[in-house]
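S.K.: okay, sequence plus prediction incoming.
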Protein chains: 2
Amino acid sequence: MLDDRKLAVLRAIVEDYVSTNEPVGSKALAERHNLKVSPATVRNDMAALEEQGYITQPHTSAGRVPTDKGYRLFVDRLSQVKPLSKAERRAIETFLAGAVDLDDVVMRTVRLLAQLTRQVAVVQYPTLTRSTVRHVELVPLTDRRVMLVLITNMGRVEQRVIELPEVVEDHRIAHMRGLLNECLDGCGLSSVPELVSDLPQRLPIDERPALATILSVLLETLVERHDEKIVFAGAANLAGADFSVGLREVLEALEEQVVLMRLLGETSPDTPSALTVRIGSENAYTGLRGTSVVATGYGQGDNQLARLGVLGPTRMDYPVTMGAVRAVARYVSQILAAS
Amino acid sequence: MLDDRKLAVLRAIVEDYVSTNEPVGSKALAERHNLKVSPATVRNDMAALEEQGYITQPHTSAGRVPTDKGYRLFVDRLSQVKPLSKAERRAIETFLAGAVDLDDVVMRTVRLLAQLTRQVAVVQYPTLTRSTVRHVELVPLTDRRVMLVLITNMGRVEQRVIELPEVVEDHRIAHMRGLLNECLDGCGLSSVPELVSDLPQRLPIDERPALATILSVLLETLVERHDEKIVFAGAANLAGADFSVGLREVLEALEEQVVLMRLLGETSPDTPSALTVRIGSENAYTGLRGTSVVATGYGQGDNQLARLGVLGPTRMDYPVTMGAVRAVARYVSQILAAS
DNA sequence: ACTTGGCACTCGGGAACACAGAGTGCTAGG
DNA sequence: CCTAGCACTCTGTGTTCCCGAGTGCCAAGT
């Protein structure tokens, strides 16, 4: 049904269209790629490809343009991820190595990725779920207020100001802090809820309300924030590209954390480090027809922390983009593991 | 030289042009604003205004458009800041009140401002300089590493991982922590350098290198980060507007922290809470000809913390924008003061 | 059976052109 | 000093026309 040559034609169409941004015709195609057949033959193949929905023509008597389905086939079977150059790798490494804290790592990563791919980069903050508690700190602010600071092994710091139901003396706060650390130090965040469940029992009854308040805020911090935070960079790269849909929609989507989350998608449980590519209409988000998302999880091995990726027009250089995303994910995983 | 009527004409031109986005002609102008003079008279005034550089015509026989100089005059003398509606104020208040920590305050502020003005909002994180130390925490990670956490009275938290020059036992770290807190608690950040200068003297000589390392990181944190962080939101609002210069340049500028800083400008020392308006070429940044910036400082009274503002096309509704910026600055100041 | 050259056809995009409409500057009169 | 009238100058739009790239199909060639 689709012999080798037809596939070669499709590949050629995708490559040419990506590089020129113009519908590609049979003649130019037969010349530039040495297909060793005449334009007429190419036309026949094109007709077949169009028949099956891999390509389409904007108007009668214009060249062909790949459809989403065409890109899909290209990505799945016709292309291979293009590794970065030595120089690029070195650049990544040194750039990321300069990071000073978690915020900085994420910031640098997203900028790097945007610059490397010349598209919009999106990076999700490492999930708290898989992290462990490094330290819990309770800082008295006033006699009715404390600040809760939670430090995880990833270097992530969460902070909340807590209004206590009653006045609690400082040394009592210190005691609670000791209790919390003793109980939680080194434990996985996911196990925190059960670990703290019997803590109130170990305090005199008049201190329990305060502790309960603190604990409820602690738990809230864990569930609420655990993977909400997402940043993007490289919006300027959208300026040149033209989407089938307006630029405005894309920018709006980028500012909606929820939409971004959905775009990055979920790490597939079986092959967590695989690249995910969503092409155009596969995104099933109306504002983003015409854009593709290349994403992957990052983190060490089976300990996937979160996801990162880029967003760009469907007409993108998939092999290069995929290479960059994969490489950056690897390096940032290393950096995080080392800290 | 510029009598009242000419000023009225200029005001009318600015208002009409802002609302219609089309060069405004003498006839339409004489009708819509009841100037009680004929178009011909208006034309004479226009000629005078053009003569002096307040307005210009895109091409012969088109209407007039305000120049940067024209907008400047309008802002300085012809307009007054438009206060927000009751409903809007209430909305601001409730929206900001829901903030849970400093990050959240800033995030909400910038989004709110973007939504309110329908332009790009820019908010600088509160400067550390004016804050005081609430608490310093040293958390041992490994035997050669500690995490330094600095909590300020504004709720801001800075964190750094420190590589120690030698192994230091945990109780020694705890001791240093006590020393630091005892020395710094409640002190202004700007006085930290001198306060810690003699700390090493108070430790046995073999612990001094470790403390020195910690202190150097602490000081570094203070000077490096103190006002670097800036966020923006509402980039989607740029999509509709047309700048004399490309959209790309504007987006690029927005992603450069340094440029943003310069755009927001500095709080004038004498009237710190005044609104600053920079119109078009006044920005003296080549990529942003065609954009204006309305900014102001925020913070309580004389304790100015940082700046916030919006960026949009020179053709913007200055009275409304200025009203929104001022209002948001006030509310966020309140919120921060209360926490 | 597939490939190839030839040929008529289609359609988008650019150039040339005319034209209506909005706006101006100028001048003369109130 | 304001106003009315008038001639002039543009831009933007719509129309027409034509070129060329590209196609589909058919018949001939391998």
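M.R.: Looks like it arrived, so ask away.
S.K.: pLDDT below threshold where in the stretch 201-339 of chain A?
M.R.: A:224-228, A:244, A:272, A:301-302, A:339 (pLDDT under 70).
S.K.: tell me which stretches of it form helices.
M.R.: For the stretch 201-339 of chain A, the helices defined by DSSP state H, counting those that start in this stretch cover A:208-225, A:247-254, A:257-264, A:318-338.
S.K.: with respect to chain B, which of those helices lies nearest?
M.R.: Distance to chain B, taken as CB to the nearest CB, is lowest for helix A:247-254 among these, at 3.5 Å. Backbone N, C-alpha and C define where each C-beta goes, glycine included.
S.K.: run through the neighbouring helices and strands of that closest one.
M.R.: Judged by 3 or more CB pairs under 8 Å, 6 or more residues apart in numbering or on different chains; DSSP states H and E, helix A:247-254 is in contact with helix A:257-264.
S.K.: just to revisit the earlier point, format the helices of the stretch 201-339 of chain A as TSV; extra columns: mean neighbour count and distance to B:Thr286.
M.R.: Formatted as TSV, the helices of the stretch 201-339 of chain A follow (neighbours: other CB atoms under 10 Å in any protein chain shown; distance: least, CB to CB, whole Å):
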stretch	mean neighbour count	distance to B:Thr286
helix A:208-225	17	40
helix A:247-254	20	23
helix A:257-264	18	32
helix A:318-338	20	30
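S.K.: so which of those helices gets nearest DNA strand D?
M.R.: helix A:247-254 (21.4 Å; CB to the nearest atom of the strand).
S.K.: can I get the helices of the stretch 201-339 of chain A in JSON lines with distance to A:Leu275?
M.R.: Listed next are the helices of the stretch 201-339 of chain A as JSON lines, based on distance: least, CB to CB, whole Å:
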{"stretch": "helix A:208-225", "distance to A:Leu275": "27"}
{"stretch": "helix A:247-254", "distance to A:Leu275": "21"}
{"stretch": "helix A:257-264", "distance to A:Leu275": "12"}
{"stretch": "helix A:318-338", "distance to A:Leu275": "5"}
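S.K.: how many neighbours does the residue in chain A positioned nearest to DNA strand D have?
M.R.: The nearest approach of chain A to DNA strand D comes at A:Gly25, 2.8 Å away (CB to the nearest atom of the strand). By the criterion of other CB atoms under 10 Å in any protein chain shown, A:Gly25 has 19 neighbours.
S.K.: that older thread, got the helices of the stretch 201-339 of chain A as JSON lines, with distance to DNA strand C columns?
M.R.: Formatted as JSON lines, those follow (distance: least, CB to the nearest atom of the strand, whole Å):
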{"stretch": "helix A:208-225", "distance to DNA strand C": "49"}
{"stretch": "helix A:247-254", "distance to DNA strand C": "19"}
{"stretch": "helix A:257-264", "distance to DNA strand C": "31"}
{"stretch": "helix A:318-338", "distance to DNA strand C": "26"}
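S.K.: B:Val136: which of these is closest?
M.R.: helix A:208-225 (21.0 Å; CB to CB).
S.K.: ok, and does the closest one reach over to chain B?
M.R.: No. Using CB under 8 Å from any CB of the partner chain, we find that helix A:208-225 stays clear of chain B, coming within 8.6 Å at best.
S.K.: what's in contact with that helix?
M.R.: If you take CB atoms under 8 Å, 6 or more residues apart in numbering or on different chains as the criterion, helix A:208-225 is touched by A:128, A:136, A:138, A:146, A:148, A:150, A:158, A:160, A:162-166, A:168, A:172, A:176, A:189, A:192-193, A:196, A:199-200, A:203.
S.K.: and if you look at stretch A:317-327?
M.R.: For stretch A:317-327, the surrounding residues in contact (CB under 8 Å, 6+ apart) are A:18-19, A:71, A:74-75, A:79-84, A:88-89, A:92, A:113, A:116-117, A:119, A:275, A:277, A:292, A:294-296, A:308-310, A:312.
S.K.: how about stretch A:106-124?
M.R.: Applying CB under 8 Å, 6+ apart, the set of residues contacting stretch A:106-124 is A:84, A:88, A:92, A:95-96, A:98-99, A:125, A:227, A:229-235, A:237-238, A:254, A:260-261, A:263-264, A:295, A:306-312, A:316, A:320-321, A:324-325, A:328, A:332, B:255.
S.K.: 7 Å instead?
M.R.: A:88, A:92, A:95-96, A:99, A:125, A:227, A:230-235, A:237-238, A:254, A:260, A:264, A:306-312, A:316, A:321, A:324, A:328, A:332 (CB atoms under 7 Å, 6 or more residues apart in numbering or on different chains).
S.K.: before we move on, what about stretch A:143-154?
M.R.: A:102, A:126, A:128, A:131-141, A:157-164, A:167, A:173, A:189, A:214, A:217-218, A:221, A:336, B:139, B:147, B:149, B:151, B:157.
S.K.: thank you, goodbye.
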